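Q: Take a look and give me a structure for this.
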Amino acid sequence: MKIPFKHSIIAWLTLIRLGATARGMLPFFLGTVIAWSEGYQINFIVFSLSSLAVLSIMVSTFLINEYFDYDTDHLNTDFHRLSGGSRVLVRGLVPRKLALYTAYCIFGLAVIIGLVLYFYFKTGPLTIPFGVMAILIGYFYTAKPLRLSYRGIGELSIWFTCGWLATVTGYYLQTGEVTSVISLVSLPGATSVFLLILINEIPDIHSDSLSGKRNLAVILGKRNALLLFSFLLVGGWLNILVIIPFGIPWTTGPFSLVLLPIIVLNLMDIKRLSASRQMLERLSVRTMLFDHLVTFIYSAAYILAGINASSMDRAIIIIILCYLAIFILEGMSLLLSLRIQR
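A: Sure thing, here's the model as predicted:
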């Protein structure tokens, strides 16, 4: 079946998961913001190249996941807008092998950028190890022989890569250091992305079970997965407050109050335990908002701290524009996902 060019473009944009890919950039930007707030001069070439490398790893990871999750996605009839994959490959809108080969090429681009950053820009000895960890975890999240997401540890791998590793890498490439503060700041965001993955797995429990995918939601079952989600949702908010005395801007405390309505609404829905597709989709959308707001809370707090210490310069304005671009990409992603599902 020949796909019209316009529809092919839409299919590819949906396949690379624009929204989730954009979300993956947020903790990396946060690390750069923290470096700026501490008085480091931001190297724009390093920032641009490393952002492209992170974007490449994210896109490749989603393509790989779509390829190796094909059978699971094909069985899935309970998906909603934020679960069950992009639906592009299972509908034949993009050839499977082409998606795989494209992923390999984009992974190659990330490798080249990493080598340039290390050898030419001298970004430090952890540059290549950080990049290799991101690529390997992204690839083996669904690929054999590790298949992390099929063995109940996929969620932890995302907690690590999209939480700690992304934030620390954004900071390290500008400073050449890994500090206890940057590690602490990464924890609430790591928990929030863990929550987003967990809640998006729940609608797919049946199809994942049939295909042998033993992720955390399958292992726990719907009820226990929702209980764990509730516990971590509250715990993630408390984490923001607990780490403030360890050198984190105090403004993150009052800023975190914006998360309370989301927490209350999610807990009220979960208490009903109906777990309908509509309820799970509401939970997913709110959790996505929760996840974004955690990163923005820290970004805003550190931007304010940086302004108090010096003044707003071109560096931080550009990073703020990058945040706005991510919102636009995520909006596009939701619209494209709706169109594909129809």
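
Q: low pLDDT regions in the stretch 151-300 of the chain?
A: 273-276 (pLDDT under 70).

Q: let's see 50
A: Of all residues in the stretch 151-300 of the chain, none has pLDDT under 50.

Q: ranges for the helices of it?
A: Secondary structure of the stretch 151-300 of the chain (DSSP state H, counting those that start in this stretch): helices at 154-159, 166-175, 180-201, 205-210, 216-220, 222-242, 252-255, 260-272, 277-309.

Q: Of these, which stretch is the most buried?
A: Among the helices of the stretch 151-300 of the chain, helix 166-175 has the highest mean neighbour count (mean count of other CB atoms under 10 Å), at a mean of 26. Where C-beta positions appear, they are placed from N, C-alpha and C, glycine not excepted.

Q: Of the helices of the stretch 151-300 of the chain, which is nearest Phe29?
A: Nearest to Phe29, of all the helices of the stretch 151-300 of the chain, is helix 166-175, at 6.4 Å by CB to CB.

Q: contact partners of the closest one?
A: Residues outside helix 166-175 that contact it (CB atoms under 8 Å, 6 or more residues apart in numbering) are 24, 27-32, 34-36, 38, 40, 42-43, 46-47, 50, 54, 117, 123-124, 126-127, 130, 134, 177-179, 182-183, 185-186, 189.

Q: could you redo the last one with a cut-off of 6 Å?
A: Here helix 166-175 makes contact (CB atoms under 6 Å, 6 or more residues apart in numbering) with 27-28, 30-32, 34-35, 40, 42, 46, 50, 123, 126, 130, 178, 182, 186.

Q: And for stretch 186-198?
A: If you take CB under 6 Å, 6+ apart as the criterion, stretch 186-198 is touched by 27, 155, 158-159, 162-164, 167, 229, 232, 236, 239-240, 287-288, 290-291, 294-295.

Q: Stretch 24-40 now?
A: Applying CB under 6 Å, 6+ apart, the contact partners of stretch 24-40 are 42, 54, 58, 162, 166-167, 170-171, 174-175, 189, 295, 298-299, 302, 305-306, 315-316, 319, 322, 326.

Q: try stretch 104-121
A: Defining contact as CB under 6 Å, 6+ apart, one finds that stretch 104-121 is touched by Val46, Leu49, Ala53, Ser56, Ile57, Val59, Ser60, Thr123, Thr127, Ile128, Gly131.

Q: Where strands are concerned, which of the contacts of helix 166-175 count?
A: Assigned to strands by DSSP state E, none of the contacts of helix 166-175 qualify.

Q: Sort out for me which of these are in helices.
A: Residues of those located in helices (DSSP state H): Pro27, Phe28, Leu30, Gly31, Thr32, Ile34, Ala35, Val46, Ser50, Phe130, Ile182, Ser186.

Q: Greatest separation within the residues you listed: which pair is it?
A: Within those, Val46 and Ser186 form the most distant pair, 19.8 Å apart (CB to CB).

Q: Mind checking which of the contacts of stretch 104-121 are buried?
A: Buried subset of the contacts of stretch 104-121 (neighbour count, 16 or more other CB atoms under 10 Å): Val46, Leu49, Ala53, Ser56, Ile57, Val59, Ser60, Thr123, Thr127, Ile128, Gly131.

Q: Tabulate those residues (CSV), appending distance to Arg282.
A: Output for the buried ones among the contacts of stretch 104-121, formatted as CSV (distance: CB to CB, whole Å):
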residue, distance to Arg282
Val46, 40
Leu49, 39
Ala53, 35
Ser56, 33
Ile57, 30
Val59, 28
Ser60, 31
Thr123, 42
Thr127, 41
Ile128, 42
Gly131, 37
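
Q: Rebuild these as CSV, extending it with pLDDT and distance to Leu283.
A: CSV is the format used below for the buried ones among the contacts of stretch 104-121 (pLDDT from 0 to 100; distance: CB to CB, whole Å):
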residue, pLDDT, distance to Leu283
Val46, 96, 38
Leu49, 96, 37
Ala53, 96, 33
Ser56, 94, 31
Ile57, 94, 28
Val59, 91, 26
Ser60, 94, 29
Thr123, 96, 39
Thr127, 97, 38
Ile128, 96, 39
Gly131, 96, 34
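
Q: closest to Trp12 among those residues?
A: Among the buried ones among the contacts of stretch 104-121, and counting by CB to CB, the member closest to Trp12 is Val59, at 10.3 Å.

Q: The closest one and Ile16: what is the separation?
A: Distance of Val59 to Ile16, computed by CB to CB, to the nearest Å: 5 Å.

Q: before we move on, what SS does Val90 have?
A: coil (DSSP: H, G, I helix; E, B strand; the rest coil).
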